[in-house]
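Return a 3D structure for these sequence lines:
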Amino acid sequence: MTPPRPTSVLFACTYNAIRSPMAEAMLKHLFPKRIFVDSVGVRTGDLDPFAVGVMGEIGIDLSRHRPKTFDQLEDESFDLVITLSPEAHHRALEMTRTTACEVEFWKTMDPTLVDGSRDTLLAAFRDTRDALKAGIERRFGTEEQAGT
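As a prediction, the model looks like this:
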């Protein structure tokens, strides 16, 4: 049984270049116009082309994503912040210490830490994408349940 769905979710990671944009795009795809979803990083990063590629494989276009930091958030009012790196978790706890906001830490592999061939790197990015998708389905429900 999944917990009640929040109306606004923020995903946060280190650079807002891979993990949090992937999660943002997947949750938006799953619940279009039902949940406000955004993503940020602790520091400024550049969108990773491998992230764009592996998201395209599942029919989600990530190419328009523009990375931003916590400091660039227009609104800090979220029901739930899901952090995907320890550094982002600390920053999210700091941001939400005076608000009624739930913060969850999802330990998520940073695929840029993997060395190897292009195929090895793509496999690491796919693993991260698939782990995020599984976490989203556990927390928010599946596509079949999204209509309910």
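
At which residues are the helices of the chain located?
19-30, 49-56, 86-96, 118-140, 143-146 (DSSP state H).

Give the residue spans of this protein that score low on pLDDT.
1-3, 143-148 (pLDDT under 70).

thinking again about what came up before, any chance of the helices of the chain in a markdown table with distance to Ser8 and mean neighbour count as columns?
Backbone N, C-alpha and C define where each C-beta goes, glycine included. Below are the helices of the chain laid out as a markdown table (distance: least, C-beta to C-beta, whole Å; neighbours: other C-beta atoms under 10 Å):
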| stretch | distance to Ser8 | mean neighbour count |
| --- | --- | --- |
| helix 19-30 | 11 | 25 |
| helix 49-56 | 22 | 18 |
| helix 86-96 | 12 | 18 |
| helix 118-140 | 13 | 17 |
| helix 143-146 | 17 | 12 |
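
of all the ones you listed, which lies closest to Leu80?
Nearest to Leu80 among the helices of the chain is helix 118-140 (8.6 Å), distances taken as C-beta to C-beta.

so what's the residue lying closest to Gly135 once chain neighbours are set aside up against?
Leaving aside its sequence neighbours, Gly135 sits nearest to Trp106 (C-beta to C-beta, 6 or more residues apart in numbering; 5.2 Å). For Trp106, the contact set (C-beta atoms under 8 Å, 6 or more residues apart in numbering) comprises 82-84, 132, 135.

Pick the one among those residues closest to Arg34.
The nearest one, if we look at those relative to Arg34 and count by C-beta to C-beta, is Ile82, at 16.5 Å.

List the contacts of Arg19.
11, 13, 84-85, 108, 110, 128, 132.

Restrict those residues to the buried ones and give me that as a ChimeraX selection.
Those of the contacts of Arg19 that count as buried under 16 or more other C-beta atoms under 10 Å are selected in ChimeraX with:
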select :11,13,84,85,108,128,132
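
Sounds good, over and out.
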